[in-house]
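A.B. asks: any chance you could fold what I've pasted below:
(one chain, ligands or ions: 2)
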Amino acid sequence: MAAHSPKGPLRPIRFQRRALGPKDVAIKLHYCGICHSDIHTVRGDWGPIQYPQIVGHELAGEVVSVGSSVSKFRVGARVGVGCIVDSCRHCVECEAGHENYCLNGNTQTYGSRDKDGSITQGGYSTFVVVDEDFVINIPNVIDLSEAGPLLCAGITVYSPLRRWGISAGKKVAVVGLGGLGHMAVKLAKAMGAEVTVFTTSPEKIDDAKRFGAAHVVVSRDGADFSALRHRFDFALDTVPQRHDLNRFVPLLKRDATYCRVGVGKTVDTIDVGQMSLVLFRNAIAGSNTGGIRETQEMVDFCALNNIRPEIQKIPMTGIDEAWSKVVDKKARYRFVVEING
Ligand SMILES: [Zn+2]
Ligand SMILES: [Zn+2]
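C.D. replies: Ligands and ions are numbered 1, 2, ... in the order given. All right, here's what the predicted structure looks like:
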């Protein structure tokens, strides 16, 4: 299912994936999660793109064919693919396992120029061909329908929670309870943290508690947070829109970090008063998905701790409608496309 213009409906196209190289695996896709990034990309929010473009970077399926020197996967293996399908592999970031920060520009699952010059096409698709080094093993206990959302939403919040050392007893604020936020609550809770959710949607209070939040704050404009000043060891902000951080930074303890992972429009800036930052030596940070090794670690962590995304399955013909719901903040909490045809 491809986008043919920034606004028009998705329509099916037939196209050829590349021939299987020695290190490639061919994957028959069963599911693909819908990420807000898919919509931003097609709408041109992150710059102009070439159409037709197939998006989707939360892929799950089974290996149906392997190249001559593939060693990690066999036919029949249950696998997933996230946001990245290649990188330079020799820069310091790649060598450290941070392919997501490749200094020479990694190859994204869709909308990137691949090594053969073609534009990569994503997971709203029946098959994909990917180098085995960028394929994630999905343990048997995780249903394939629930695997995809781990590979963008899951890793995007897992990576900063690990980077900032979230562990037993830490107090974590999760700002925004959508696709990313709901995974952040479950993961931080499993790491032993006490989680407080800030949401603008009062109807999500019960969900937040069910996901493991100890406290839920309805963060409408003008809501009073003063009782929470200097309470948190870390804040993870999953809101993709510009919003006032001066309300949240004073809730951090001394030296604590406020990390943003949501990106709406690239032209958006962050406004924080200098006083908010300097008074308690706080830091504003960002984080961008995770490397392949860390993604596998996160999937295994989810298998071990029984963490799954909250999903609603939809048919391939229902993607346009699901996109509207994502934009209207009506996803609960991740749409997953059942791939057929
Ligand atoms: Zn995504
Ligand atoms: Zn690199």
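A.B. asks: ranges for the strands of the stretch 201-341 of the chain?
C.D. replies: For the stretch 201-341 of the chain, applying DSSP state E, counting those that start in this stretch gives strands covering 215-218, 232-237, 252-260, 283-286, 311-315, 334-338.
A.B. asks: pretty sure residue 157 contacts residue 236?
C.D. replies: Yes - counting by Cβ atoms under 8 Å, residue 157 does reach residue 236; the two are 6.2 Å apart. All C-beta spots, glycine's among them, are computed from the backbone N, C-alpha and C.
A.B. asks: out of the strands of the stretch 201-341 of the chain, which is the most enclosed?
C.D. replies: Of all the strands of the stretch 201-341 of the chain, strand 232-237 carries the top mean neighbour count, a mean of 25, counting by mean count of other Cβ atoms under 10 Å.
A.B. asks: now the strands of the stretch 201-341 of the chain in CSV, with distance to residue 226 and mean pLDDT?
C.D. replies: Shown next, in CSV, are those (distance: least, Cβ to Cβ, whole Å; pLDDT from 0 to 100):
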stretch, distance to residue 226, mean pLDDT
strand 215-218, 12, 96
strand 232-237, 14, 98
strand 252-260, 14, 98
strand 283-286, 21, 96
strand 311-315, 37, 98
strand 334-338, 34, 98
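A.B. asks: distance to residue 138 added to these, as CSV?
C.D. replies: Written out in CSV, the entries for the strands of the stretch 201-341 of the chain read as follows (distance: least, Cβ to Cβ, whole Å):
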stretch, distance to residue 138
strand 215-218, 31
strand 232-237, 25
strand 252-260, 27
strand 283-286, 28
strand 311-315, 15
strand 334-338, 14
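A.B. asks: which one of those lies nearest to ligand 1?
C.D. replies: Nearest to ligand 1, of all these, is strand 334-338, at 10.1 Å by Cβ to the ion.
A.B. asks: ok, residues contacting that closest one?
C.D. replies: Judged by Cβ atoms under 8 Å, 6 or more residues apart in numbering, the contacts made with strand 334-338 from elsewhere in the structure are 1, 30-34, 56, 58, 124, 145-146, 148-149, 153, 179, 309-316, 318-319, 322, 325-326.
A.B. asks: hey, C-alpha coordinates of that strand in PDB?
C.D. replies: Output of strand 334-338 as PDB, limited to C-alpha atoms (Å, rounded to 0.1, in the frame of the first residue of the first chain):
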ATOM      1  CA  ARG A 334      -0.900   1.200  18.300                       C
ATOM      2  CA  PHE A 335      -2.600   0.200  15.100                       C
ATOM      3  CA  VAL A 336      -1.100  -2.900  13.500                       C
ATOM      4  CA  VAL A 337      -1.800  -3.700   9.900                       C
ATOM      5  CA  GLU A 338      -2.600  -7.300   9.000                       C
END
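A.B. asks: quick check, distance from it to the centre of its chain.
C.D. replies: Distance of strand 334-338 from its chain centroid, counting by Cα atoms, centre = their mean, to the nearest Å, is 14 Å.
A.B. asks: partners of it in the sheet?
C.D. replies: With DSSP bridges as the test, strand 334-338 is paired with strand 24-33 (antiparallel), strand 311-315 (parallel).
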